[in-house]
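Visitor: here are the coordinates; sequence isn't available:
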DNA sequence: TCATTGTGACTGACCAGTCAGTCACAATCA
DNA sequence: TGATTGTGACTGACTGGTCAGTCACAATGA
């Protein structure tokens, strides 16, 4: 970051092939009998580093995480990290990018058939729980809330690519509910944040207090949806 | 944090007098003509250090904040910090303690008169906005979400002294609303978290995205209270 | 005067980022 | 096909800078 290069190697090489962006670790083990092509191996290592980084950053936060630990966890030398990422911050950004954007695409499906809006919202909530709240992706969310202030570009990236589209989709859903007379309160369309707020709280709660006082997130989300649709008891 | 003390100084001296706990910066300047008594001066310095720590930790997070900057901001030498706090972590804990506990006491008033529950909730929300969301205390909240995972004792302290009593008070309020027929959804009493969730989201939002897309927190809270009381439009 | 309080230069651990060297594998040749 | 050479991915010891915490000394004031 602040290192002055001895040789003015102005242009950094930056491998990684055709900008792979998947997040799931590849199933193929390194000891496969079909020797993976170089590019494949590189992609595997890149994925392994991202995976390890998720663990380390998630557990320690950005500033306190040590790249040497990331390397060790990924089964790689420290220097290797720098073959794939420009620096610690770039690794962090790429982590956010690769972990959240794919889920957002999965969450922001088009509002399709003749299904009641309540069901759509329930699916939305269930998907969020299954894909985010109960996975290590929740750590990434907490990480953004935690470190976002210090990385404005990262906060903005997350806002443009996750928050804005997610909220827009939610607003469309809610508006649909209002139009069909399923939702009474028009304020919800103006502030779709009200609809996600409990999910965010759940992520934080489970991370901080889960072991002290576990929260029945599903029941809470059910109560929340009841609140939105003005019912007095769940199914 | 991970520093191994060279000398096994088992018991740290820990000056600082009668455990002052106020958080507001003292108005008195150091150049006051009435020379403050030693204990007073000590308390003032302690407060100044906490105040500076709030700024620095709030802006940079625990790991990245530098005690030298805290000292400079407090108008004090680095060593002086160690006259008042055992180490960086103790300073951080004391910061959380001194900033949030007093507010919690102010928020958790007894549910008094013949006032409608809605008004009480509105007061609760307004107080939270005035005393927390729009002050540097919001940084402390974000700080806890950020660093709490890495400081379990701190997370537990915050849970026992802020979250639990706060939620209990809120639950009592909601139960009152249900008993009086003002609130329809009984799930709210089971999950008072639903009532605070938007406030938490507002704190995070303003911190991360406030400059990209400011959130009209008051309007949102109004919409949220409408939702709770089943009204369709605010006053 | 002397006990208490404050100071800031200093120490030692720590860690992001570097780079000279290694070696697995691919390409080329006999 | 097997031997030789070339390539660049990978390694990890190292550097330079940073910062928490210390302590010998200075300032203060009872």
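Guide: Good, I have the coordinates. Just so you know, these numbers come straight off a predicted model, no measurement behind them. Residues are numbered from 1 along each chain as shown, chains lettered A, B, ... in the order given.

Visitor: point me to the helix or strand that includes the residue most central in space within chain A.
Guide: Here the mean C-alpha position of chain A is nearest to the C-alpha of residue A:100 (CA atoms, centre = their mean), at a distance of 3.0 Å. In this assignment (DSSP states H and E), residue A:100 forms part of helix A:88-107.

Visitor: coming back round to it: let me know the pLDDT of the residue nearest to the centre of chain A.
Guide: Taken from the predicted model, the pLDDT recorded for residue A:100 is 88.

Visitor: again with residue A:210
Guide: Taking residue A:210 on its own, its pLDDT is 95.

Visitor: measure it to residue B:141 for me?
Guide: Plainly put, residue A:210 is 18 Å away from residue B:141 if you go by CB to CB, to the nearest Å. Heads up, the C-betas are built off the backbone N, CA and C, glycines and all.

Visitor: repeat that for residue A:108.
Guide: As judged by CB to CB, residue A:108 and residue B:141 stand 29 Å apart.

Visitor: for those two, indicate the residue with more neighbours.
Guide: In terms of neighbours (other CB atoms under 10 Å in any protein chain shown), residue B:141 is the more surrounded of residue A:108 and residue B:141; the figures are 21 against 16.

Visitor: can you list the neighbours in contact with the helix holding residue A:100?
Guide: Counting by CB atoms under 8 Å, 6 or more residues apart in numbering or on different chains, the neighbours of helix A:88-107 from elsewhere in the structure are A:1, A:21-23, A:49-50, A:53-54, A:57, A:62, A:67, A:70, A:81, A:85, A:124, A:127-128, A:131-132, A:137, A:140-141, A:143-144, A:147, A:151, A:153-154, A:157-158, A:161-162, A:165-166, A:169.

Visitor: quick one: mean pLDDT over the helix ranked longest in chain A.
Guide: The helix that spans the most residues within chain A, counting by DSSP state H, is helix A:38-60. Averaged across helix A:38-60, the pLDDT comes to 89.

Visitor: the very next helix or strand once past it vs helix A:88-107, what angle?
Guide: The helix or strand immediately downstream of helix A:38-60 is helix A:67-74, counting by DSSP H and E. If you take axes from the mean of the first three to the mean of the last three CA atoms, to 10 degrees, helix A:67-74 sits at 50 degrees to helix A:88-107.

Visitor: what comes up buried for the helix or strand following helix A:67-74?
Guide: From helix A:67-74 onward toward the C-terminus, using DSSP H and E, the following helix or strand is helix A:78-84. Buried residues in helix A:78-84, counted by 16 or more other CB atoms under 10 Å in any protein chain shown: A:80-84.

Visitor: of these, list those near DNA strand C.
Guide: Checked against DNA strand C using CB under 7 Å from any atom of the strand, the buried residues of helix A:78-84 give the following subset in range: residue A:82.

Visitor: Serialize the buried residues of helix A:78-84 to TSV and add fields for distance to residue A:174 and pLDDT.
Guide: Shown next, in TSV, are the buried residues of helix A:78-84 (distance: CB to CB, whole Å; pLDDT from 0 to 100):
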residue	distance to residue A:174	pLDDT
A:80	47	95
A:81	43	96
A:82	46	95
A:83	46	93
A:84	41	95
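
Visitor: adding distance to DNA strand D, write the buried residues of helix A:78-84 out as a markdown table.
Guide: Written out in a markdown table, the entries for the buried residues of helix A:78-84 read as follows (distance: CB to the nearest atom of the strand, whole Å):
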| residue | distance to DNA strand D |
| --- | --- |
| A:80 | 3 |
| A:81 | 8 |
| A:82 | 7 |
| A:83 | 5 |
| A:84 | 7 |
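
Visitor: just the closest of the buried residues of helix A:78-84 to chain B, please.
Guide: Relative to chain B, the closest of the buried residues of helix A:78-84 is residue A:81; by CB to the nearest CB it sits at 19.6 Å.

Visitor: my guess is the closest one contacts residue A:66. True?
Guide: No. Residue A:81 sits out of contact with residue A:66 when judged by CB atoms under 8 Å, with a separation of 11.2 Å.

Visitor: any regions of chain A where pLDDT drops low?
Guide: Confidence mapping of chain A against pLDDT under 70 gives the ranges A:1-38, A:109-111, A:113, A:231-235.

Visitor: OK, now which residue of it is nearest to DNA strand D?
Guide: residue A:79 (1.9 Å; CB to the nearest atom of the strand).

Visitor: list the contacts for that residue?
Guide: Taking CB under 8 Å, 6+ apart as the definition of contact, residue A:79 has no neighbours.

Visitor: and for residue A:147?
Guide: For residue A:147, the contacting residues are A:61-63, A:92, A:154, B:61, B:146, by CB under 8 Å, 6+ apart.

Visitor: neighbour-wise, which of those leads?
Guide: residue B:146 (26 neighbours).

Visitor: that residue and DNA strand C, how far apart?
Guide: Per CB to the nearest atom of the strand, to the nearest Å, residue B:146 is found 17 Å from DNA strand C.

Visitor: same question for residue A:202.
Guide: Applying CB to the nearest atom of the strand, the value for residue A:202 to DNA strand C is 30 Å.
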